[in-house]
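Q: Sharing a sequence plus its predicted fold:
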Amino acid sequence: MENRLTAYWLAAPSALIFVVLFIAPMAFFVVLSFWQVDYFVLTPAATLANYRDVFVNYWHVMAFTVALATATAVVTTLAGFVFSFLARFRAGKWAQALLFIVLITLFGGYLMKIYAWKTILGNEGVLNTALIAMGFISTPITTLLYSPQAVVITLVHFSLPFAVLPIYASMRGVTDIEVEAARDLGAGRWATLATVIVPRCQAGIVAGFSFVFLITAGDYVTPLLVGGKQTMIGNLIAPQFGAQFNWPLGAAMSLVMLLVAVAVIFVFRTLVAWWSRP
Amino acid sequence: MIAQTQMQTSGEPALLKLRGVSRRYGDVTAVQPLDLDIFPRDFVAILGPSGCGKTTLLRIIGGFVAPTTGTIEIDGRDVTGIGPEKRPTNTVFQGYGLFPHMSVRQNIGYGLRLQKRPRSEIDDRVAEALRLSRLSELADRSVTALSGGQQQRVALARALILRPKVLLLDEPLAALDLKLRHAMQDELRRLHQEFGGTFVFVTHDQGEALSLANRIAVMNAGRIEQEGGAETIYAAPATRFVATFIGDANLLDGERRDGEVRLAAGPAFADAGPAGAVSVVVRPKSVSILGEGEHAEVELAGTVAEVVYLGDHIKCTVGAAGGQSVVVHLDAATASRPAVGDKVRLGWQLSKQRIVSA
């Protein structure tokens, strides 16, 4: 009995941190999402009006956000897997150097990357200028920048380390003997990848996908700077807590988005597990 | 020096043929060009000290290392350029290489699933393999929850279920403790008999090689020094290295001149061959202490330097002329025990000794 009590005391600090930083704000948001704003004053209520607003007026923004975030997360996870594979199985002694490069890009600021892509993709950017100079095109391709593709490219670049790190970490656990055993038992290179390496990296792949999806789905700076007319849900949520002053609506949007994100990650996890079944 | 390849009496063609196989890593030659024939149903040990190239040779046979020169033929087919997944060989790796994301049953069925065999056939053969390797009780456990010996059996079952023409085992017993090692030796012998296949294993343990294999290839510094039946290797070592590596052996320095070998320790006997330094190999068990009036074909005198009681036998070291020493194993039950400092005469029969170039 005493042991159990001790265990509770030992767990108390982390439990406290968890409750204060995660549970309490979330609970506050849940409560807030049923309130309303009367003449710029937060008023307790029990209305579903905010949720109706979300589903009626904002569902297309949410759908676009989920689509764009899913696309970004899929592309980034794939790229992260390929990068990790090369670092783990092909790079030999250069593996550490490759990973160091990935880490370094994390320190290069977020905004810097966005502006870098603006410079590359813009009408008078590096890409268009080069293409014109080489004579492939005569007028700049105007759809490069301020488009969903530009948002995806920028976000993939930004979030790649978040995919590489967990995937590489799990891939390091795959031993050379396992790979040789797979080949010895009749698996070609692709079969080895599909039946041993991917299943062994499930946890890393799902973690990488989740990081990237969440970062992307919640991002509202990239779409502002390189995106087109289409806004992301983050661009609509942020003002609710500022200029628009509609915290309850913002809370409802956030919670719905959170549930959708959890659902997407759950679906992805299920797909990876299904793929990895022996 | 000599890669003796003795044909088996049955006259069957070799199942595995290596011809001029070598492997270089940069400036380092791991395996010198060598020939090796392995016959159906043989249990072959590739025996040698660490770094002698034995594992590289096994990996060349399995297809994990491409030979720098030479060809590998299995069952009449040249497999030199073929990857491990297409070779009729399967390997039990030193670290086993079990798949931790699969259960015992799934590990064993892996190869058959890759072959896209019908579900019912896979289930039947896996059940059979589980039964043969006494793993039925553990079938649905995770392989990470198994002991070393159990993991070893899963690795064996996973390889054998594919009915390989040649089963390769890389130091199969090295990771197990002594008691388990003896149990696994029995298990391997039993599997070899029941399975009726051809096993090739790599080991640095001469006792393991002698107890398991019917044929042994002794490797040293990238070369096969001798290849032959286990008994031949023990009784008639072809080189100084083989003599010292397998079992206890006395190596006596000598010189051959005009058809006679004279040992530094004293005795001389007729032996045809080129002139030069030679070593005479004689096992401690073959040497006896001669009593009054007893004689042997080779005799020498010496002084007892050390007597050690070892349970089933007494190890007696005798110092002889020319700074040579001879170890004699005496039966602990019957022999009268000599004392340190005794003057003794040692003797053995010519048929018990081997003369190898020094």
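A: Nice, I can see it. Residues are numbered from 1 along each chain as shown, chains lettered A, B, ... in the order given.
Q: so A:G80 makes contact with A:V164?
A: Yes - using CB atoms under 8 Å, A:G80 is in contact with A:V164, at 4.5 Å. C-beta: built from backbone N, CA, C; applies to glycine.
Q: Now do the shared contacts for the two.
A: By CB atoms under 8 Å, 6 or more residues apart in numbering or on different chains, A:G80 and A:V164 have these common neighbours: A:G208.
Q: Flag every residue of chain A that's near chain B.
A: A:175, A:177-178, A:180-188, A:191, A:195-196, A:199-200, A:202, A:276, A:278 (CB under 8 Å from any CB of the partner chain).
Q: Apply 10 Å and report the result again.
A: For chain A, the contact set with chain B under CB under 10 Å from any CB of the partner chain comprises A:173-189, A:191-192, A:195-196, A:199-202, A:276-278.
Q: show me the contacts for A:Y58.
A: Going by CB atoms under 10 Å, 6 or more residues apart in numbering or on different chains, A:Y58 touches A:T65, A:I233, A:L236, A:I237, A:L249, A:A252, A:M253, A:V256, A:M257.
Q: Could you give the number of residues near the first one?
A: Applying the criterion other CB atoms under 10 Å in any protein chain shown, we find 27 residues in the vicinity of A:T65.
Q: part of a strand, is it?
A: No - read with DSSP: H, G, I helix; E, B strand; the rest coil, A:T65 is helix and lies in no strand.
Q: where does B:D35 fall, helix, sheet strand or coil?
A: Secondary structure for B:D35, judged by three-state DSSP, is strand.
Q: State the distance from it to A:V260.
A: Distance, B:D35 to A:V260, by CB to CB, to the nearest Å: 68 Å.
Q: for A:A97, same thing?
A: Applying CB to CB, the value for A:A97 to A:V260 is 39 Å.
Q: and these two? which has more neighbours close in?
A: A:V260 (17 against 10).
Q: close enough to count as contact, that one and A:A67?
A: No - counting by CB atoms under 10 Å, A:V260 does not reach A:A67; the two are 11.2 Å apart.
Q: How many residues are close by A:G122?
A: With other CB under 10 Å as criterion, A:G122 counts 19.
Q: Grab the nearest non-local neighbour of it.
A: Spatial nearest neighbour of A:G122, excluding adjacent residues (CB to CB, 6 or more residues apart in numbering or on different chains): A:L145 at 5.1 Å.
Q: ok so B:F99 is a helix residue?
A: No - looking at B:F99 with three-state DSSP, it is coil, so not inside a helix.
Q: Identify the residues contacting it.
A: Taking CB under 10 Å, 6+ apart, we find B:F99 in contact with A:174, A:178, A:181-182, A:185, A:195-196, A:199-200, A:278, B:106-107, B:110, B:143, B:154, B:158.
Q: Closest one of those residues to B:A14?
A: Nearest to B:A14 among those is A:L185, at 25.2 Å by CB to CB.
Q: What average pLDDT does stretch B:13-28 get?
A: Here stretch B:13-28 scores 94 as its mean pLDDT.
Q: swap that for stretch B:223-239, please
A: Mean pLDDT, stretch B:223-239: 90.
Q: Nearest to B:N90 among the contacts of B:F99?
A: Among these, and counting by CB to CB, the member closest to B:N90 is A:L185, at 6.8 Å.
Q: so how many other residues sit close to the closest residue to A:V74 other than its chain neighbours?
A: Spatial nearest neighbour of A:V74, chain neighbours left out: A:F209 (7.6 Å); criterion: CB to CB, 6+ apart. As a burial measure, A:F209 scores 28 neighbours (other CB under 10 Å).
Q: Quick check: A:F209 touching A:F268?
A: Yes - using CB under 10 Å, A:F209 is in contact with A:F268, at 5.4 Å.
Q: so what sits against both of the two?
A: A:T70, A:A73, A:V74, A:T77.
Q: Sort out which of these are buried, if you could.
A: Buried subset of those (neighbour count, 16 or more other CB atoms under 10 Å in any protein chain shown): A:T70, A:A73, A:T77.
Q: Tell me the secondary structure at the second one.
A: Counting by three-state DSSP, the backbone at A:A73 sits in helix.
Q: Do you know the pLDDT at it?
A: If you check A:A73, the pLDDT there is 96.
Q: check contacts around it.
A: A:80, A:155-156, A:159, A:162-163, A:208-217, A:264-265, A:268.
Q: go with 7 Å
A: A:F209, A:V212, A:F213, A:T216 (CB atoms under 7 Å, 6 or more residues apart in numbering or on different chains).
Q: what number of residues lie near A:F268?
A: Other residues near A:F268 come to 19 when the count uses other CB under 10 Å.
Q: and what of A:Y220?
A: Neighbour count of A:Y220, defined by other CB under 10 Å: 17.
Q: Assumed it was part of a strand.
A: No - A:Y220 is assigned coil when assessed by three-state DSSP, not a strand.
Q: Against A:A238, how distant is it?
A: With distances taken as CB to CB, A:Y220 is found 5 Å from A:A238.
Q: Show me what counts as buried in the longest helix anywhere in chain A.
A: What stands out as the longest helix in chain A, according to DSSP state H, is helix A:247-276. Neighbour counts over helix A:247-276 (16+ other CB under 10 Å) mark A:247-257, A:260-261, A:264-265, A:268-269, A:272, A:276 as buried.
Q: Please, which helix or strand holds the residue nearest to A:V74?
A: Using DSSP states H and E, A:F209 maps to helix A:202-217.
Q: what does that helix contact?
A: Taking CB under 7 Å, 6+ apart as the rule, helix A:202-217 contacts A:65-66, A:69-70, A:72-73, A:76-77, A:80-81, A:155, A:159, A:162-163, A:166-167, A:169-171, A:257, A:261, A:264-265, A:268-269, A:272-273, A:276.
Q: Equivalent analysis for stretch A:88-105, please.
A: A:A87, A:P161, A:V164, A:Y168, A:M171, A:R172.
Q: Give the buried subset of those as a PyMOL selection command.
A: Once 16+ other CB under 10 Å is used to decide burial, the buried members of those can be selected in PyMOL as follows:
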select buried, chain A and resi 87+161+164+168+171
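Q: quick one: which of the contacts of stretch A:88-105 sit in helices?
A: Mapping the contacts of stretch A:88-105 onto helices (DSSP H) picks out A:P161, A:V164, A:Y168, A:M171.
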